Each structure stands twice: as C-alpha cells, then as structure tokens.
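Participant: sequence below, structure please.
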Amino acid sequence: MAEEEKPVLFPRSVYRDLLEDEGFAVWIENVSRGSRVGAEVALRRMGRICGLFQTTQRDLAKMSRGEAGDFLFRLVSRLEKEGNRSSSIAGYMKTLRGWWLFNDLEVTRRVRLSRYVGLYDNERVPTRQELHSIFGHADPQKRVCCALMAFSGVRPGVIGNMYGDDGLRVSDLPELTVGEDGSVSFARTPAMVMVRRTLSKSGRQYLTFLPEQGCGYVREYIGWRVRITGERVGPSSPLVTANQMNPWHRGKFVRTTNIGDDVRHTIRAAGFRWRPYVLRRYFDTRMMGAEQEGHVIRDYRTFWMGHVGDIEHVYTLNKGQLPQDLLDGMRQAYARAAERHLETIVQPTIDKGEVVSTARVEALKMFGYSDEELAELGDVAKFDMDRLQELINERTKKMLGLNGGTQKVVPAEELEGWIEQGWDYKRDLPNGKVVIGLRTG
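Facilitator: Modelled structure (predicted):
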C-alpha cells in the first residue's frame, strides 16, 4: 500500500520551496510541534538569510564550525547595515543556530550586538483618561479587545491566534453565563480569565482577571450578538468573533493580525499614535504602581501576564489548579489594584430603557448606519424586534452588494472566490458572467 503523502507545511509562504529539502522540512515540522507560529517565523528567517547571501539551507548545514562562526559575523553586519534592530538580529541568530544544531553542528562563537535603544523603549503608556477616550471611540467588539489587553494584560494572540482557528472562548471565562434569550451575567467579578496553553506564548496555561468595567463591555457585546444577530453563543463560542456585517463570519475566531488592526484603528480614532501593544504595557505599568502601593505582589503581576515565575511553577505542578486560598487572595488583590489603577470609570447606574436604546444604537452603527441616518430613524428604543431586524437585513444586503434581492451577477472568473465566501452558484449568463445567490440552510 502506497504511503500517504504528507500535507505541505505553509503552502502559501513565499519560501515554501525551501521545504522541498526533506531534512529542512523535518526540522521545520519539529519546530512546529512546539509552536506553529515559531516554525513559520523560522522558515521566513531562513528564507531571507538564503536570499541575502545567495546560498541554500543545505550549504549552510555543511559548513564547518569555523565557517559557521564567520558566517554569523557576516550575517550580523549585513542585518545591521539594513537597519535591523538588535532584538531582530538575535532572532535570526537563534534560528540559524537551531538549524545548525539540528545538523549536529554546535556553534559556540559569541557575536556581540549593538546596544541599541529600541524603537519602543521610551514609549509612553496611556493615562487612565486617555484609555477612557480609546474605549469611547470603539464599537462593542473592539472595546472588548482593548479591555482584555489593558485590564487583563493578554496578548492579541490570546484573543485570536494567527490562523483564526482558536482563541479565547466563552468557557475560558468560567464565571460567565449566556442565556438563550441573550441575557449575560457573571457569577462574580473580577471575573477569572483562563489562558489555555495553546494560546499562551510560553506554552503554559495561566489565568488572569477582568474587572467590572471590562465585564460590562463583555455583557454588552455578547448580548448584542445573541439578541440582534441571532448568533447562538455557547461555551465553545469565540469570546470575540469576526465582523458581524458578513453573516458567514459569525461565530468564527478573529486572526491576531485583524485584532491588532482593529485596536490600532480605535487608538487612531481617539487621536493617538500608539501601537496596539501599548495597552498590554498599560496593564504592566499600572500594576507596577499597584505593587509599589502594596496592593499586589510582583509574583501576581508576573503570573497574570503569562510570564514564567514562582506561581506559574505551583500552577503547573498542580496541573492547572491553584489552592483556593491563593486564588481568593489573588482575586482580592486584583480587585483593589483594578479599582485604583486600571479601571477608567466608576460603573454608572442607568435604567433599563437607556440600556436598550444604547445597545440598539451601537448595533445599528456596527452595520454601518451613520449618526445622520440614526437621527432620521428617531427613537430606536421604541422599535420592535421585527423592525430592528428589518433594518439590519437591509443594510446587510447593501454591504453584500445586493439591491433588494438575494442574487447578483459577477464575472465567471471570480466565481470560485465568491463560493469560498459562502455564496451559491445559480446559473450562467451569455456574456461571460454568472448569477450567484446567498446560501440558504
């Protein structure tokens, strides 16, 4: 019986031809067992090295120890001349040493790197007032992303991974309950946020917390998904899902890149030029202030950010379980620190009518309604659910390029792309075009 052919790793990479070398492909596959992202980065770095020096990965593997040491010096000099930062160059060196070690070549020669002041070493973090402004310029989805980074200290890759096939799920917030009627509640706050090992950069599971303000954003966002879009949100559903204006994206995870873009656009809308990662630095810096005031200890802050430390060691030894007294102490410490250093507002008390009106306005904005259009509609709180759904359906069809119907005409050569996006083929037209329609069922 013929042996089944293995699927090609990273078929879309511009450096996929390097994987035709069987030994190199085995190394990349081995790296991917620890981190698929790390393997793709290693492939990209090796491809660039080979391109810069007009060589192959096999020629590099055949070098002697002395030749390899000399090559490292040449690599560092070349990358420095091209303006690469020391941290980036160190990554290339680590990858190259890993490939040599796989081929039983250990290169011990030390290569010094410039003491370069990093681009973000002196980056200022937002104040609480500036973070509040960022929240104010975000829609419900982006507000949750910003809150998870600023209040829980998670990386964008925790919310949704690089490939868009995993991320934080509703079940990762064990105290979060979602009812079929769209009701969303937390058993207690600050709420626990579990970061599974598949989402953790260190490969180790850890936990952090989300304060009342962040929990309020989650309640608003998930409630909107259930009541307005009709999404069935269960324990395995993404905590943050893709763009709701495209019905085929509902219930799917968001890629890390897209999360970063969403957060960046929100920061820009608020009038700031920070990168998205500054929100995680906000958490770290504000928690350092809480540590100085005695509200938290350093081990807590280290653990909440997913770094390896003493508490992480205890957590690992106990197979993902912390002693209850330690967990309660961490929650209380986090609550004190969040109130004094993280949260940007004191939770207001508003009536039910105001909540409904605000939620519906935000929902319509998510589907592209402008402030002028909302003003013409009047008080949306008085609309029944049928009228609200009708408005959303009209805008969804407009966003999809439909004019009152469920079908449209596209060039025949684009048919495959439309089918991949969830459309159905209907029939051919004599002018080289085809009719497609929204998929039903």
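Participant: just checking, Phe71 is part of a helix?
Facilitator: Yes - under DSSP: H, G, I helix; E, B strand; the rest coil, Phe71 falls within a helix.
Participant: that one - how many residues pack around it?
Facilitator: 18 (other CB atoms under 10 Å). Placement of C-beta: from N, CA and C, glycine included.
Participant: can you tell me the closest non-neighbouring residue to it?
Facilitator: When the adjacent residues along the chain are set aside, Phe71 lies closest to Met63, with 6.5 Å between them (CB to CB, 6 or more residues apart in numbering).
Participant: same thing with His307?
Facilitator: Closest residue to His307 apart from its sequence neighbours, by CB to CB, 6+ apart: Ser202 at 7.2 Å.
Participant: helix, strand, or coil at Asp165?
Facilitator: coil.
Participant: how many residues are close by the residue lying closest to it once chain neighbours are set aside?
Facilitator: Spatial nearest neighbour of Asp165, chain neighbours left out: Phe253 (6.3 Å); criterion: CB to CB, 6+ apart. Neighbourhood size, Phe253 [other CB under 10 Å]: 24.
Participant: just the pLDDT for Phe253.
Facilitator: On the pLDDT scale, Phe253 is placed at 90.
Participant: so how far is Asp424 from Gly432?
Facilitator: 19 Å (CB to CB, to the nearest Å).
Participant: have a look at those two and say which one is more surrounded.
Facilitator: Asp424 (15 against 9).
Participant: output the below-cut-off pLDDT ranges for the stretch 251-400 of the chain.
Facilitator: 309-320, 346-356, 367, 393-400 (pLDDT under 70).
Participant: all helices for it, in order.
Facilitator: Taking DSSP state H, counting those that start in this stretch as the test, the helices found in the stretch 251-400 of the chain are 256-269, 278-292, 298-304, 310-317, 324-337, 352-366, 371-377, 385-399.
Participant: with distance to Ile222 added, can I get those helices in JSON lines?
Facilitator: Converted to JSON lines, the helices of the stretch 251-400 of the chain look like this (distance: least, CB to CB, whole Å):
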{"stretch": "helix 256-269", "distance to Ile222": "17"}
{"stretch": "helix 278-292", "distance to Ile222": "21"}
{"stretch": "helix 298-304", "distance to Ile222": "23"}
{"stretch": "helix 310-317", "distance to Ile222": "28"}
{"stretch": "helix 324-337", "distance to Ile222": "22"}
{"stretch": "helix 352-366", "distance to Ile222": "11"}
{"stretch": "helix 371-377", "distance to Ile222": "23"}
{"stretch": "helix 385-399", "distance to Ile222": "17"}
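Participant: for those helices, could you give me TSV that also reports distance to Tyr217 and mean neighbour count?
Facilitator: Compiled in TSV, those are given as follows (distance: least, CB to CB, whole Å; neighbours: other CB atoms under 10 Å):
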stretch	distance to Tyr217	mean neighbour count
helix 256-269	13	19
helix 278-292	13	19
helix 298-304	19	20
helix 310-317	27	15
helix 324-337	17	16
helix 352-366	11	16
helix 371-377	21	11
helix 385-399	21	14
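Participant: shouldn't Val434 be within a strand?
Facilitator: Yes - with three-state DSSP as the criterion, Val434 is assigned to a strand.
Participant: now the residue nearest to Phe71: how far from Leu113?
Facilitator: 21 Å.
Participant: quick revisit: how much space is there between the residue nearest to Asp165 and Val14?
Facilitator: 25 Å.
Participant: and if you look at Met46?
Facilitator: Taken as CB to CB, the span from Met46 to Val14 is 12 Å.
Participant: one more: Asn30?
Facilitator: The value you get for Asn30 to Val14, if CB to CB is used, is 22 Å.
Participant: looking at strand pairing, list the partners for the closest residue to Arg427 other than its chain neighbours.
Facilitator: Of all residues not flanking Arg427 in the chain, Val435 sits nearest, at 5.1 Å (CB to CB, 6+ apart). Counting by DSSP bridges, Val435 forms beta bridges with Val409, Arg427.
Participant: residues contacting the residue nearest to Asp165?
Facilitator: Neighbouring residues of Phe253 by CB atoms under 8 Å, 6 or more residues apart in numbering: Gly160, Asn161, Gly164, Asp165, Asp166, Gly167, Pro238, Val240, Thr241, Ala242.
Participant: just those residues now: which is nearest Cys145?
Facilitator: Val240 (5.9 Å; CB to CB).
Participant: the closest one against Thr256, yeah?
Facilitator: No - with contact defined as CB atoms under 8 Å, Val240 does not count as touching Thr256 (11.5 Å).
Participant: returning to what we had before: the residue nearest to His307 contacts Phe303, doesn't it?
Facilitator: No - the criterion here is CB under 8 Å, and Ser202 misses it with Phe303 at 11.0 Å.
Participant: for stretch 137-145, give the mean pLDDT please.
Facilitator: pLDDT averaged over stretch 137-145 gives 93.
Participant: and if you look at stretch 33-41?
Facilitator: Mean pLDDT, stretch 33-41: 85.
Participant: what about the residue nearest to Arg427, how many neighbours?
Facilitator: Neighbour number of Val435 under other CB under 10 Å is 14.
Participant: repeat for Val107
Facilitator: Around Val107 there are 19 residues (other CB under 10 Å).
Participant: wasn't it part of a strand?
Facilitator: No - counting by three-state DSSP, Val107 is not found in a strand; it is coil.
Participant: that one against Gly66, yeah?
Facilitator: No - using CB under 8 Å, Val107 is not in contact with Gly66, being 9.5 Å away.
Participant: can you map out the helices along the stretch 51-200 of the chain?
Facilitator: 57-61, 65-81, 86-102, 128-136, 140-152, 156-159.
Participant: closest one to Gln213 among these?
Facilitator: Among the helices of the stretch 51-200 of the chain, helix 140-152 sits nearest to Gln213 (CB to CB), with 7.1 Å.
Participant: buried sites along that closest one?
Facilitator: 140-152 (16 or more other CB atoms under 10 Å).
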